[in-house]
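**Q** Coordinates for the following, if possible.
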Amino acid sequence: MFNHLNFTLIKKYDIVKKFPECRKKLDGHAVQFETIGETGKDVQLCTDANNIRILKNLINDKYTPERICIQAINYLGDINYGQDQNLQMAGCEYFYYWIYDDLLKEEIKGNMDTQNVYDHLIGIFTKRGLYINKLCKPSKTPLKNDDFQKIKDIYNLYKKLYKQSEVINPDDIFKGIVSIVMQYEEKIYTQASEIKELEAPSPCKTNILSPIIITSIITFLTFIFLFILYRFTAFGSWCKNVIKSKIDKRDNINEETHRFQEYEIFSSTPTKYKHNIWYH
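**A** Next up, the predicted model:
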């Protein structure tokens with residue numbers, strides 16, 4: 001059984017599998033912009049001086065703010081009015097990723113700047129006066145922190161496959177990669193849950209023998225390890241030399257102490273006894 005955190009991560013991976021489809025939709029709207037005329041609500045909103053000024057300060061200089069604005073609101077209309085709810089959710093997530101990865105100036109890339117562009121473009125979209133569902137709306141941060149970093153890494157791998165693959169379908173490869181990551185996450189969190197359950201003993205049943213056995217095994221293994229380390233490795237030779245040096249040093253100290261004590265005894269002996277000793 002997955003905990004809440006694990007479920008959230010797997011949900012993100014499941015969503016990111018639809019990123020290639022979202023990318024194609026977004027690219028399609030970039031092409032359609034060339035055929036849009038000078039009139040219409042979308043064009044009026046996207047050529048507004050205030051909107052242009054805000055976007056120009058945030059997005060990469062290689063992009064024209066008006067074009068990005070038109071592309072964004074048409075894409076948002078596509079994913080918000082579609083019937084596929086999973087695609088709608090993935091579409092909002094990809095929109096956030098696209099802003100971070102492709103639109104922002106390199107020197108200001110960060111979650112806060114991404115959020116500002118995200119909110120601003122969706123704010124323009126809502127001014128169209130048409131119905132918008134609850135999926136993509138201002139002040140919603142779909143991807144952030146650790147989840148965002150993981151999804152960026154996975155999707156960047158897909159993009160490399162897409163550029164290099166000529167025969168194999170990169171979309172299928174990408175789905176396989178995401179499935180492997182999901183299985184890895186599942187295994188990690190499942191094992192973590194099992195360990196946590198083992199660490200929490202039942203209040204009614206306490207096995208006193210288990211910790212004693214575990215302690216004994218650890219002690220025995222530690223003894224074996226130290227014996228092998230001392231007997232068969234260079235560390236053992238070093239230990240022997242250190243111990244021998246300590247013993248020799250101690251013996252030298254004892255010998256010097258003994259000689260000093262003999263001298264003290266001899267010095268305290270009366271003169272007449274010294275004379276007899278020398279005489280004999």
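**Q** any low-confidence regions in the stretch 51-200 of the chain?
**A** Scanning the stretch 51-200 of the chain for pLDDT under 70 picks out 82, 86, 106-111, 131-135, 137-148, 158, 161-171, 173-182, 184-200.
**Q** quick one, helices of it?
**A** Counting by DSSP state H, counting those that start in this stretch, the segments of the stretch 51-200 of the chain that form helices are 65-80, 85-98, 111-126, 145-164, 170-199.
**Q** What are the contacting residues of the first one?
**A** Where contact means Cβ atoms under 8 Å, 6 or more residues apart in numbering, the residues beyond helix 65-80 that reach it are 22, 25-26, 29-30, 32-33, 36, 42-43, 45-47, 51-52, 55-56, 59, 87-88, 91-92, 95, 103, 121-122, 124-125, 128, 130, 132-133, 135-136. All C-beta atoms are positioned from the backbone trio N, CA, C, and that covers glycine.
**Q** go again using 6 Å as the cut-off
**A** For helix 65-80, the surrounding residues in contact (Cβ atoms under 6 Å, 6 or more residues apart in numbering) are 25-26, 29-30, 33, 42, 46-47, 52, 55-56, 88, 91, 121, 125, 132-133.
**Q** Just want the angle from it to helix 111-126.
**A** 80 degrees (axes from the mean of the first three to the mean of the last three Cα atoms, to 10 degrees).
**Q** buried sites along helix 65-80?
**A** Buried residues in helix 65-80, counted by 16 or more other Cβ atoms under 10 Å: 65-66, 68-80.
**Q** Among the contacts of helix 65-80, name the buried ones.
**A** For the contacts of helix 65-80, a burial check counting by 16+ other Cβ under 10 Å picks out 25, 26, 29, 33, 42, 46, 55, 88, 91, 121, 125, 132.
**Q** before we move on, back to that, looking at the buried residues of helix 65-80, which is nearest residue 15?
**A** residue 79 (12.4 Å; Cβ to Cβ).
**Q** The closest one and residue 116: what is the separation?
**A** Counting by Cβ to Cβ, to the nearest Å, the gap from residue 79 to residue 116 is 21 Å.
**Q** Repeat that for residue 54.
**A** Counting by Cβ to Cβ, the gap from residue 54 to residue 116 is 8 Å.
**Q** Find the nearest non-adjacent residue to residue 61, please.
**A** Among residues not flanking residue 61 along the chain, residue 105 sits closest, at 7.3 Å (Cβ to Cβ, 6 or more residues apart in numbering).
**Q** Quick one: residues in contact with stretch 19-26.
**A** Contacts with stretch 19-26, where a contact means Cβ under 6 Å, 6+ apart, come from 75, 78, 90, 91, 94, 155, 171.
**Q** Now that stretch: average pLDDT?
**A** Over the span of stretch 19-26, the pLDDT mean works out to 88.
**Q** Tell me the buried residues in it?
**A** Within stretch 19-26, the residues that count as buried by 16+ other Cβ under 10 Å are 19, 20, 22, 23, 25, 26.
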